[in-house]
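Engineer: Please find the sequence and the predicted model below.
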Amino acid sequence: MKRFSGILAALLIFSLLITAGCGSREKITAMDQLDGKQFAVPTGTVADKLVLSKYPNAKFQYYNTVLDSCLAVKTGKADVAAYDEPILKNIAAKNPGLKVMPEMITVDNYGFAVALDNKQLKTAIDDTVKELKANGAYDQMMTRWFPKTGSPAPMPDIKLDGNKGVLKFGTAAVTEPFAFIDGSQKVVGFDIELASYVAQKLGMKLEVVNMDFGAMIPALMAGKVDMIGACITITDERAKNVLFSEPYYKGGIAALVKE
């Protein structure tokens, strides 16, 4: 009986291995392969709607986080993960075997937002970005926060000893590498560095106010913060309630697949 049970167990394992092999996923090398594929996306986002705008036959699996969506691709549970390009690039850099396709699913521009009547602060943001791009500092920021492999570099030490008040910057520290909490429990990232340079230009100190992503625009409209930023897409609908800076980063919804 024991021998018979052992044979049955061996046959079961063999059957499972055969089934797993038959279910192996197609290697994706081109965007035209994505229609009809199984997409992993974070719950509560519009990533699925944006994917469907280009790939109407796409199928979806939903996960709690972007990282979980990407790991589903790595483990073969899904063909592709879809989300904001810079965040997917950050995850791929720290997880060998994953890559972000060079072509976007949709293209978006990211910007800071201020109150509708605060044109002076919008101008300061726009001027700061222009100066950073002109003097090469913007390229250094890109290298620091968007490495090809590994984690982002540490936040630089930016002196903010101005005496013209405090600039309150609202962000959601769950959008690495734009805004996230580092090992020392400080909120850092590309957007935090950019906000620091805006405060420096204005001769002000910077106060970072961490909040849920969905709370940022209401907080700005209520005057609880002066400006907001955390990988925020510039849209006509949002522009009805806030004044956006000029785009400082061109991103969008991208596709992450196995390398």
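Structural biologist: Arrived safely.
Engineer: Do you have the helices of the protein handy? List them.
Structural biologist: 2-22, 47-52, 66-74, 85-94, 119-134, 137-145, 190-202, 216-221 (DSSP state H).
Engineer: Domains in this protein, by residue range?
Structural biologist: What automatic domain parsing lists as the domains of the chain is 24-108, 112-231.
Engineer: Tell me which of those approaches Glu237 most closely.
Structural biologist: domain 112-231 (10.5 Å; CB to CB). Where C-beta positions appear, they are placed from N, C-alpha and C, glycine not excepted.
Engineer: coming back round to it: using TSV, lay out the domains of the chain together with mean pLDDT and distance to Lys258.
Structural biologist: Shown next, in TSV, are those (pLDDT from 0 to 100; distance: least, CB to CB, whole Å):
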stretch	mean pLDDT	distance to Lys258
domain 24-108	94	6
domain 112-231	96	16
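Engineer: For Gly251, find the nearest of those domains.
Structural biologist: Closest to Gly251 of those is domain 24-108 (CB to CB; 4.5 Å).
Engineer: Leaving out sequence neighbours, find the closest residue to Phe213.
Structural biologist: Ala172 (4.0 Å; CB to CB, 6 or more residues apart in numbering).
Engineer: List the contacts of the one you found.
Structural biologist: Ala179, Asn210, Met211, Asp212, Phe213, Met216, Ala230 (CB atoms under 8 Å, 6 or more residues apart in numbering).
Engineer: Then Asp126?
Structural biologist: Counting by CB under 8 Å, 6+ apart, Asp126 has contacts Ser245, Glu246.
Engineer: List the buried residues of stretch 77-94.
Structural biologist: 78-93 (16 or more other CB atoms under 10 Å).
Engineer: hmm, back to that, export the contacts of Ala172 as TSV, with columns for distance to Leu160 and neighbour count.
Structural biologist: Listed next are the contacts of Ala172 as TSV, based on distance: CB to CB, whole Å; neighbours: other CB atoms under 10 Å:
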residue	distance to Leu160	neighbour count
Ala179	17	26
Asn210	18	15
Met211	21	17
Asp212	25	10
Phe213	25	18
Met216	21	23
Ala230	20	25
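Engineer: now, the most widely separated pair of those residues?
Structural biologist: Farthest pair in these, by CB to CB: Ala179 and Asp212, 12.3 Å.
Engineer: that older thread, could you export the helices of the chain as TSV, including distance to Gly251?
Structural biologist: Output for the helices of the chain, formatted as TSV (distance: least, CB to CB, whole Å):
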stretch	distance to Gly251
helix 2-22	36
helix 47-52	12
helix 66-74	14
helix 85-94	5
helix 119-134	15
helix 137-145	12
helix 190-202	11
helix 216-221	17
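Engineer: closest to Lys59 out of those helices?
Structural biologist: helix 47-52 (10.0 Å).
Engineer: tell me how far the closest one is from the chain's mean position?
Structural biologist: Counting by CA atoms, centre = their mean, to the nearest Å, helix 47-52 is centred 15 Å from the centre of its parent chain.
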